[in-house]
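Peer 1: the following comprises the amino acid sequence and a computationally predicted model.
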Amino acid sequence: MSVYANPGTDGAVVSFKSRYEHYIGGQWVAPVKGQYFENPTPVTGQTFCEVGRGTAEDIEAALDAAHAAAPAWGKTPVAERAGIIQKIADRMEENLEMLAVAETWDNGKAVRETLNADIPLAIDHFRYFASAIRAQEGSLSQLDEDTVAYHYHEPLGVVGQIIPWNFPILMAVWKLAPALAAGNAIVLKPAEQTPASILVLAELIGDLLPAGVLNIVNGFGLEAGKPLASNKRIRKIAFTGETTTGRLIMQYASENIIPITLELGGKSPNIFFEDVMAQDDAYWDKAQEGFTMFALNQGEVCTCPSRALIQESIADPFLEAVVARAKAIKQGNPLDTDTMMGAQASNDQFEKIKSYLDIGRQEGAEVLLGGEPVDLGGELSGGFYIQPTIFKGDNSMRIFQEEIFGPVVSVATFKDYDDAMHIANDTLYGLGAGVWSRNGNTWYRAGREIQAGRVWVNNYHAYPAHSAFGGYKSSGIGRENHLMMLDHYQQTKNLLVSYSENKQGFF
Amino acid sequence: MAAQAETPATAEVTSASVLDARAEIEGERESRVGMTQQALDLLAKLRVLHGELMFHQSGGCCDGSSPMCFPTGDFKTGDADVLLGTFELPATDDLPAAELPFWMSREQFEYWKHTHLTLDVVDGRGSGFSVEAPEGKRFLIRSRLINSP
């Protein structure tokens, strides 16, 4: 066990500046209107830095810088671009602890996750896209003896990216890596709940990129997000967040006729067939962990397995085992490496989760575990902590239909395969799902029948690069985490070439 | 069905509605949406800054399930949406009386229709492009079953 010192105190591996400006054109630039907003850590609720409150003027300045940088970056040899991206990954790896602690302080999540998941995944993601772009080829089609269609990949130019607060660095890197590899310049707006860790990353790696290729403007959605998303000077907008803002971004994109990628969340079913308990072995142990994954990142994951569907025949012993498993979750100081679950990211999130704990009870769901906020004492008393919570109810309840984005799982039972599929697909969303069975035929059929872009089979919450991630139904458009995302950041140029000297003969 | 009698620890859910929206769904007379005094006060301030306003209830990731407040017309509603109710905002010292519609996507309404919604406000850091974020506030929905008091 070890406990990292609070950032900025003796022995800390990271210190935040007291004030952050925007990162534009490779420089730190004060907001045009001179305004800043306070950034509290959810660990204690105390403000630890001020961050630039961007407005349309700042977005325009960032777009000026991006447009100045984009042509040369797009023409930089692929090997050179990939080399720079590899160097970004290397430098992040050399500073992994520093980034992990910064991320934990900004977001509230347990440092064992940032050390072992968020930051290592972000590093690997840069390496993956640096490799993928080297291996990408255009194509040619010989249409007849003298006619050839050549297809080239070209960068889009300048793109906008709006990042969520649940994995501030990792979600930014999911968008940055393919966009940079494909040769685009970027204006990125972090979430106002977690604006600082990405700026620590920019400080660390900024010198590796040509000025203006990466620009970061913080601020509120209305004041900075909207002028970016609705801007005529972006060639694409990427967003992760909720459905109303997703629709609004599509509306803006329709006005400018630009492509979008959207990741809008889910209400992921995690389905346990009766044979998971056929033996008391390592697999059954793994399945119990699979259930408990609802608490990973305090449940603030778009694919949180927040609906557990358990076959009726094993429901009682299954629940007895997993309630004990969830009860063993250690809550505490997020900077303690033994802590399994940290703080919710903000007060508003904390309040929203409480409102769902209330409606769950009103609808008659049975509380099997938790169901309350937690006061962890000392300086953590000001932070935003919720107990791991297990509800038992049925799929028509709102706690089964809405993404609570907290450490809350809603359990329902099913009779047979058909019943399981009916419940699993009775949702507006289709981002993730889990299927647990020792029978290959069962998990195969279920995996194919569930209307979701990512179905984990006999595992959950793994996010390796080169495994496509994205939604069906209202969960969004596009596939991240895979080289197919390069397509979303590239134009196709077709040269249709005639090698014939003879006219076509129409005129 | 045991839980109705258990009083939730979250005491603030009793936040009382001071203004009920006019019912808008055909064949319905009972209001589906109310708002607290805090919401009414914040809206008065926001109307001065942003003009007339509307709500669209969000779903999904991150700030999902939050009611999003936009200048009227900023968010395009259509056949995919349901108008749950219209608030008749009273005149204030600065502003005339006005109407404020509350929308939700039709598919989401199918899963929410058994609950009454109360628009409330908490301290927060905003959500999406909703207009209250710069005020350090966030609108929040509190819910109760439609046939419960």
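Peer 2: Received the coordinates, thanks.
Peer 1: quick check: bridge partners of the most centrally placed residue in chain B?
Peer 2: What sits nearest the mean C-alpha location of chain B, by CA atoms, centre = their mean, is residue B:119, with 3.9 Å. Note on residue B:119: beta-bridge partners by DSSP bridges are residue B:35, residue B:141.
Peer 1: report the contact partners of it.
Peer 2: B:33-36, B:39, B:55, B:67, B:102, B:139-141 (CB atoms under 8 Å, 6 or more residues apart in numbering or on different chains). Where C-beta positions appear, they are placed from N, C-alpha and C, glycine not excepted.
Peer 1: PyMOL command for the buried members of these?
Peer 2: Here is the PyMOL selection string for the buried members of the contacts of residue B:119, based on 16 or more other CB atoms under 10 Å in any protein chain shown:
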select buried, chain B and resi 33+34+35+36+39+55+67+102+139+140+141
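Peer 1: for the contacts of residue B:119, which one is nearest residue A:137?
Peer 2: Nearest to residue A:137 out of the contacts of residue B:119 is residue B:67 (CB to CB; 48.2 Å).
Peer 1: does that closest one touch residue B:59 like I think?
Peer 2: No: the criterion here is CB atoms under 8 Å, and residue B:67 misses it with residue B:59 at 10.9 Å.
Peer 1: which pLDDT does the model give residue B:124?
Peer 2: According to the prediction, residue B:124 has pLDDT 88.
Peer 1: does anything pack onto the longest helix seen in chain A? Which helices or strands?
Peer 2: Secondary structure of chain A per DSSP state H: the longest helix is helix A:56-75. Contacts defined by 3 or more CB pairs under 8 Å, 6 or more residues apart in numbering or on different chains; DSSP states H and E place helix A:56-75 against strand A:22-24, strand A:147-155, strand A:158-162, strand A:185-189, strand A:214-216, helix A:226-229.
Peer 1: residue A:262 touches residue A:244, doesn't it?
Peer 2: No: Residue A:262 is beyond contact range of residue A:244, at 11.8 Å (criterion: CB under 8 Å).
Peer 1: tell me which of the two has more neighbours.
Peer 2: Ranked by neighbour count (other CB atoms under 10 Å in any protein chain shown), residue A:262 and residue A:244 place residue A:244 first, with 30 against 26.
Peer 1: that's a strand at that one, yeah?
Peer 2: No: counting by DSSP: H, G, I helix; E, B strand; the rest coil, residue A:244 falls outside a strand, being helix.
Peer 1: which stretches of the stretch 301-450 of chain A form strands?
Peer 2: Taking DSSP state E, counting those that start in this stretch as the test, the strands found in the stretch 301-450 of chain A are A:307-311, A:366-369, A:373-374, A:385-386, A:389-392, A:408-414, A:429-430, A:432-436.
Peer 1: can you give me every residue that contacts residue A:176?
Peer 2: Here residue A:176 is in contact with A:161, A:186, A:188, A:214 (criterion: CB under 8 Å, 6+ apart).
Peer 1: looking at those, which is nearest residue A:257?
Peer 2: residue A:161 (18.8 Å).
Peer 1: quick one, what contacts that closest one?
Peer 2: A:172, A:175-176, A:179, A:186-189, A:237-239.
Peer 1: can I get the residues you listed in TSV including pLDDT and distance to residue A:288?
Peer 2: Shown next, in TSV, are those (pLDDT from 0 to 100; distance: CB to CB, whole Å):
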residue	pLDDT	distance to residue A:288
A:172	98	33
A:175	98	34
A:176	98	36
A:179	98	39
A:186	98	42
A:187	98	44
A:188	98	39
A:189	98	40
A:237	98	41
A:238	98	36
A:239	97	35
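Peer 1: circling back: closest one to residue A:459 among the helices and strands packed on helix A:56-75?
Peer 2: strand A:158-162 (28.9 Å).
Peer 1: now the closest one and helix A:56-75, what's the angle there?
Peer 2: 120 degrees (axes from the mean of the first three to the mean of the last three CA atoms, to 10 degrees).
Peer 1: hey, what's the angle from strand A:158-162 to strand A:185-189? Just curious.
Peer 2: Going by the same axes, to 10 degrees, strand A:158-162 makes 20 degrees with strand A:185-189.
Peer 1: which elements pack onto the longest helix anywhere in chain B?
Peer 2: For chain B, the longest helix by residue count, based on DSSP H, is helix B:37-50. Secondary-structure packing of helix B:37-50 (3+ CB pairs under 8 Å, 6+ apart): strand B:53-57, strand B:67-71, strand B:81-89, strand B:115-123, strand B:137-145.
Peer 1: at 6 Å what do you get?
Peer 2: strand B:115-123 (3 or more CB pairs under 6 Å, 6 or more residues apart in numbering or on different chains; DSSP states H and E).
Peer 1: how far does the strand it packs on sit from its chain's centre?
Peer 2: 6 Å (CA atoms, centre = their mean, to the nearest Å).
Peer 1: what's the local residue count around residue A:137?
Peer 2: 7.
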